[in-house]
Each structure stands twice: as structure tokens, then as C-alpha cells.
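S.K.: need the 3D shape of this:
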Amino acid sequence: MKFIVSIRRTLLIRCGLGVGFLAVLLSLSIYFFVRQGLYEELDESIRETASILANQMEYEHGEIIFEWQEGLGTNTDISDQVLFQYWNEKSGLTTRSPALTDTDLPKFSGPSGNPDIETVVVGRLEQARALGMVIYPYLNPAEVSETPLPWKKFDPKDFPHTLVVARNLTPVLRTLSILAATLAIGTLLTFMLGYIIIRRAVDSSLQPIAKLTQQVHAHSAERLDSAMILPSALPAELVPLAESFDSLLSRLASVRDREKDFIRHASHELRTPIASLSATTELALSRDRDASEYRRHLESCARTAADLGELVNRLSGLARIGGPTPSANLEPLRLAEILHTSIQTFAPRLESRSLKTALDIPDPEIPALADPVLTSLIINNLLDNAIAYSPENSTIAIRLSRNVDLVELSFTNLTSDLPENLDRLFEPLFRRETSRAESPHLGIGLTLSRDAALAMHATLTADRPDQETIRFTLSLPSP
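M.R.: Numbers count the residues shown, from 1 in each chain. As a prediction, this is how the structure comes out:
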């Protein structure tokens, strides 16, 4: 089974581990800080006691005297709490504190007899903190003056003793155990509380995503034409995503509307020639006829079939509108030459409708930066449109001129029944209702022409010089 990555689960795990790690690290820091403090305090106390005991060992009248024994009854701290023991390295004799009874302390010292502190086991496996060092008896200077001359040769280093002083470590260990349990419980509670807070924070942070998801689900196929309502508290990181998705929905809605319009208009346009073809065929087969009558009906069917072929071709071109903008091969060219070629092509239609062309071309050599194929398509469509909608015995005015950095080619002709908004003339399959019966046009040519103009970075506009006149202007960049 494929593992699905969850942002919520990932955030909870990572944040939980982070909080747990910090809580454990903080607890360990507190524990070791307190432990070090307790040990240092205990070690300092042992050092002070060892210093006192070392100074209370004197050499008097040829004997080693321990002055602490003289004040044993009054020094309750030494007698009750401190464990210590002397070892006479010369005689092998040992002296213990009353608290030790018959128990011996571990005998040790640091390098060269220097003080050294260790954790040792005393008696019934009780742990203690102990300091071991080598000491020498102290000779009072006042007693030296009263001692016969031979005693003046006394050397303390001839009477080395090892002193070990210990204090019970159990209270410190008990305190550390309580502290460890308290920190463990605190860490667990901190982790649980942190998890709850993090979970609420993550859920609150992801709530805009959930709302955005609901918006996306709400935009079903029947609501693609409506914009998404973005949550008011949408984080800045999600705004570009939401806007991009909204833009995508808008484009999808546009494509969907375009498909609907294409199907509606295509079915409407196909209905008339198909009905005509069906009616002509049924009429031809309704009774026996001679060859000339059949020929006349077949010629009518052939014309209808040709119209259907033209309709299919133009619908195919219309279907490509709205896709990626076609690339244009721009090059300097003379519009006058393309215009004359187009006029010659449409000469029979102009003559059949008794139409004239009035050319206004001050400079036939005016160049424009354009694509020859696309330019020819636009000029042919504009001239074809002018011929189709101009009244008979009228004139089509064509003007080629330069306007600053642009080359403008305009077609002006008389017409009637224009829409209030001339931009509708460029809509796919737009046709005036009063001209559907008599006009072979499908309302595709102007749409294709504007699409071709945009591909060349040019413009194609329509304006109305007066109430019964329409003018189309193609503006191309000058090289």
C-alpha cells in the first residue's frame, strides 16, 4: 500500500519530537547542574573537615597526639556525621572515628600523596564521598624550645599518615532521585501539554487549507463559472496557490462556455444546409422527373454540399481559436501587393453584386512588419465580409496609410442592422439575425482575423463613421 504523506502528521511528529527533545535536554541540564552543585558542596565540606583533622595531628613528647580526641565530647559534627580514619605508614597502626566502629574506610590518596576525592562504598554497601591524602604530624614551635636538644632533629616526614575523610552520600542520592522523578514527570507533562498546544496550533494553521479544499469541492462542473471565495484568514503562503487555482477555474469556465457556444452555434449553422439538402432530395424523389430536372436538383444538392464543406472547414478553424497563440513569421512586406492580389481574387463576386472598390494608397511602397500568410488571410476575410454585407451598386473604400510607427489598412462599406457593441462582430459565430437567410457567412472570419492579428502583435478594430457605415482597421507595426 502506498504511503500517503500528511502535512498534519508530519508537523505533529516533528514538532512533538522537537518539544520532547528540548524538554529532555532541559531536564538533563537541570539534573546535572543540581548534581554538580550538591557534589561540590559535599566535597567542599569534606575538604574543610580534612583540613581540620590534618591540623589536629601533633607530635608531642615522642608520641603522635590527635587533638580532636580531646574535644570529642564537644565536637558532635565530627563524632556523629564525619567518617575518617588515619593510617600510620611507619607503624601500621590505624585510628578511626567513633562513627566507624570496627569498619574500615578504603585507603587511598592522590598522586604523591596529594588530596583525591572519590565515591566509595562503606559498610553495608552504603555509598560515601571520600577524600584521601597523606599528612604529617605538626610540631608546635613553643614545645621545641622546651625540648632537649636531641628532639630538635625531629622531621615530620619521618611519620607519614594517610588520612581518609568520608561523608554519607545517601542524602544527596535521595535528593537526586526525587529530583530525577520530578523532572521525568515534568518532562512527560510538558510533552503532553506541548503536544496538545502543537496539535491545536497545527489544526488552526491547516484550517484555511481545509476551507480552501471545501471551496474546490464546491466548484463542481456546474459552478466552474463562479470565482472561489477565499477564506479571510488565508495565510500569505497559500494566497498564490489559491489565486492560481482560481485563475485555472476561470480558464476552465471560459473553455466550457466556449464549448457550449461552439456546439450551440455549430448545430444551428448545420441545421439549415442539412434541412435544405434533405428537402431538395425529398423533392427530387417525390415523383418521376426528366434528366434536366434531376440535374437541377443535383446541382442544388452539390451547392449545399459545398456550403457544408466550407462550414466544416471554418468550424475547424474556429475550434483552434483559444489554444496557444500561433507563431508568426514576421518580415517586411508591401501590403499594397497583397491587397491587389486579393481584389483580383474577389473580382467576380464584386462584379456579380455591382460593387466597386475605391483605393486610397498614397504610397504603394509602404512596408509593414507582418506574416504574409496571416496578412493575406485577414485581408481576404475583410474584403469577403465587405462584399457580403454591402448593398448592391455601392462602393467599398480601401485606404492604406502610415500613422506614426504603424501602418493602417482600413475597409469601409455601407451596411445596416449593426449591433450597438461593435466588438460583438468579433465573437465566434456571431451573425445578425436579419441577415442569416441571405448571407452565406458563418460569423467566423472576423474572429479568425483578430486571432491572426494578435499573433502578429497587431490590432484589428471596428468603428462606425456614421450610422450606416462600418469600418475595419488593421494596424501593423512598421519595420
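S.K.: in which helix or strand would I find residue 263?
M.R.: Following DSSP states H and E, one finds residue 263 within helix 239-285.
S.K.: average pLDDT across that helix?
M.R.: For helix 239-285, the mean per-residue pLDDT is 72.
S.K.: that helix packs against which elements?
M.R.: In terms of contacts (3 or more Cβ pairs under 8 Å, 6 or more residues apart in numbering; DSSP states H and E), helix 239-285 is packed against helix 170-218, helix 291-320. Bear in mind the C-beta positions are built from the backbone N, C-alpha and C, glycine included.
S.K.: report how many residues lie close to the residue lying closest to residue 378 once chain neighbours are set aside.
M.R.: In space, and not counting its chain neighbours, residue 378 is closest to residue 449: 4.5 Å by Cβ to Cβ, 6 or more residues apart in numbering. By other Cβ atoms under 10 Å, 22 other residues sit near residue 449.
S.K.: how about low-confidence regions in the stretch 51-200 of the chain?
M.R.: For the stretch 51-200 of the chain, applying pLDDT under 70 flags the ranges 70-81, 124-125, 140-154.
S.K.: follow-up on the earlier one: residue 376 is in contact with the residue nearest to residue 378, correct?
M.R.: No. Checked against Cβ atoms under 8 Å, the pair residue 449 and residue 376 is beyond contact range at 11.0 Å.
S.K.: can you list the strands that the helix or strand hosting residue 165 pairs with?
M.R.: In this assignment (DSSP H and E), residue 165 forms part of strand 161-168. Partners of strand 161-168 in the sheet, by DSSP bridges, are strand 83-88 (antiparallel), strand 126-135 (antiparallel).
S.K.: with just CA atoms, put that strand into CSV.
M.R.: Provided in CSV are the C-alpha atoms of strand 161-168 (Å, rounded to 0.1, in the frame of the first residue of the first chain):
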residue,chain,number,x,y,z
HIS,A,161,50.0,9.2,57.9
THR,A,162,47.2,8.5,55.4
LEU,A,163,44.0,10.3,56.2
VAL,A,164,40.7,9.4,54.6
VAL,A,165,37.6,11.5,55.4
ALA,A,166,34.2,10.5,54.2
ARG,A,167,30.6,11.7,54.3
ASN,A,168,27.5,9.7,53.6
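S.K.: give me the distance between residue 362 and residue 336.
M.R.: In this view, residue 362 and residue 336 are 10 Å apart by Cβ to Cβ, to the nearest Å.
S.K.: any common contacting residues for the two?
M.R.: residue 400 (Cβ atoms under 8 Å, 6 or more residues apart in numbering).
S.K.: higher neighbour count, these two?
M.R.: Using other Cβ under 10 Å, the more surrounded residue of residue 362 and residue 336 is residue 336, with 17 against 9.
S.K.: got any ranges where the stretch 351-479 of the chain has weak pLDDT?
M.R.: When residues are selected by pLDDT under 70, those of the stretch 351-479 of the chain lie in 428-444.
S.K.: repeat the analysis, applying 90 as the threshold.
M.R.: The stretch 351-479 of the chain contains residues with pLDDT under 90 at 351-353, 363-366, 371-378, 380-381, 384-386, 388-390, 403-405, 415-457, 464-468, 478-479.
S.K.: which residues in it form strands?
M.R.: 356-360, 367-370, 395-403, 406-414, 459-463, 469-477 (DSSP state E, counting those that start in this stretch).
S.K.: which one of the helices and strands packed on helix 239-285 lies nearest to residue 106?
M.R.: helix 170-218 (17.0 Å; Cβ to Cβ).
S.K.: who are the packing partners of that closest one?
M.R.: Packing partners of helix 170-218 (3+ Cβ pairs under 8 Å, 6+ apart): helix 7-55, strand 126-135, helix 239-285.
S.K.: again, only this time at 7 Å
M.R.: Secondary-structure packing of helix 170-218 (3 or more Cβ pairs under 7 Å, 6 or more residues apart in numbering; DSSP states H and E): helix 7-55, strand 126-135.
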